[in-house]
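Engineer: the following block contains a protein sequence and its predicted model.
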Amino acid sequence: MITANEALQQLKEGNRRFVNGGRVVKDLSGHERRDAVADKHEPFAMILGCSDARVPSEIVFDHGLGDLFVIRVAGNVVAPSQVGSIEFAAERFGTRLVVVLGHSNCGAIAATVEELETPDAIHSPNLASIVDRIRPSVEPLFANGGNGRDHDELLHDAMLANVRASVDQLRHGSVILENLVQNDGLQIVGAEYSVETGQVDFLESLPKAG
């Protein structure tokens with residue numbers, strides 16, 4: 001299995017192809033590829049992304065069948081099932097990179113900001129469970145009247161805060177993942193996807209050692 005740094009480079013190159021229109025995913029999705037991964041696959045990266053239909057990870061990073069272990073949930077929030085899925089892939093496949101992928105114009109983020117701005121807004125209990133996971137990372141942005149942010153800036157900052165909170169939860173909310181980070185090369189990073197441009201920007205660099 002490739003290192004976290006090598007995996008990150010593959011994601012960056014794939015996103016660059018996607019942005020520039022030079023996609024190669026067709027070569028990774030045909031019947032030959034299906035046959036190659038039917039019995040075994042070794043995803044080189046894990047993506048915890050949002051369910052938003054505009055952010056399909058395989059397309060955004062221009063990779064195909066068997067390449068990415070993708071978990072999608074509204075707001076890219078971290079719950080036990082997501083942690084367990086990442087633990088599984090890290091241990092079973094040896095995948096050494098996890099990317100928490102937030103995006104612009106996220107409905108789950110907007111719903112959370114709306115909840116904080118108008119607490120009497122009514123959400124279903126199920127939607128509320130997502131908003132409740134996002135709220136702790138977003139609430140500090142409302143201190144001191146939001147420090148003069150306009151609404152769009154507030155939404156963007158809230159998305160970034162939620163991504164960073166999810167990264168922190170994965171790094172420190174699982175003994176298995178924490179051990180793999182400390183001793184076996186696992187890296188967990190955040191990123192933001194622009195639905196307007198198609199570009200993914202990573203929020204931090206990985207150590208050169210990989």
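Structural biologist: Ah, there it is.
Engineer: relative to His41, how far out is Gly21?
Structural biologist: Gly21 sits 27 Å away from His41, going by C-beta to C-beta, to the nearest Å. Where you see a C-beta, it was placed from the backbone N, CA and C, and this is true even at glycine.
Engineer: more crowded one of the two?
Structural biologist: A side-by-side neighbour count of Gly21 and His41, using other C-beta atoms under 10 Å, places His41 first with 13 against 7.
Engineer: would you say the more buried one is within a strand?
Structural biologist: No - according to DSSP: H, G, I helix; E, B strand; the rest coil, His41 belongs to no strand; its state is coil.
Engineer: isn't it up against His63?
Structural biologist: No - with contact defined as C-beta atoms under 8 Å, His41 does not reach His63; the gap is 11.9 Å.
Engineer: for the chain, what helix or strand is lowest in average pLDDT?
Structural biologist: When each helix and strand of the chain is scored by mean pLDDT, DSSP states H and E, helix 31-37 comes last, with a mean of 67.
Engineer: pLDDT weak spots in the protein?
Structural biologist: Along the chain, segments meeting pLDDT under 70 span 24-31, 33, 35-40, 121-123, 144-148, 206-210.
Engineer: that one: helices as residue ranges?
Structural biologist: Applying DSSP state H to the chain gives helices spanning 4-20, 31-37, 57-60, 80-93, 107-117, 125-138, 151-172, 175-183.
Engineer: redo those as a markdown table? Include mean neighbour count.
Structural biologist: A markdown table is the format used below for the helices of the chain (neighbours: other C-beta atoms under 10 Å):
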| stretch | mean neighbour count |
| --- | --- |
| helix 4-20 | 19 |
| helix 31-37 | 12 |
| helix 57-60 | 20 |
| helix 80-93 | 16 |
| helix 107-117 | 19 |
| helix 125-138 | 17 |
| helix 151-172 | 19 |
| helix 175-183 | 15 |
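Engineer: in a markdown table: these, plus distance to Gly190.
Structural biologist: Below are those laid out as a markdown table (distance: least, C-beta to C-beta, whole Å):
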| stretch | distance to Gly190 |
| --- | --- |
| helix 4-20 | 12 |
| helix 31-37 | 28 |
| helix 57-60 | 14 |
| helix 80-93 | 14 |
| helix 107-117 | 14 |
| helix 125-138 | 12 |
| helix 151-172 | 4 |
| helix 175-183 | 14 |
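Engineer: with adjacent residues omitted, what lies nearest to Val77?
Structural biologist: Arg133 (4.2 Å; C-beta to C-beta, 6 or more residues apart in numbering).
Engineer: report the contact partners of that neighbour.
Structural biologist: Arg133 sits next to Gly75, Val77, Val78, Ala79 when contact means C-beta atoms under 8 Å, 6 or more residues apart in numbering.
Engineer: out of the residues you listed, which end up buried?
Structural biologist: In the contacts of Arg133, burial by neighbour count holds for Gly75, Val77, Val78, counting by 16 or more other C-beta atoms under 10 Å.
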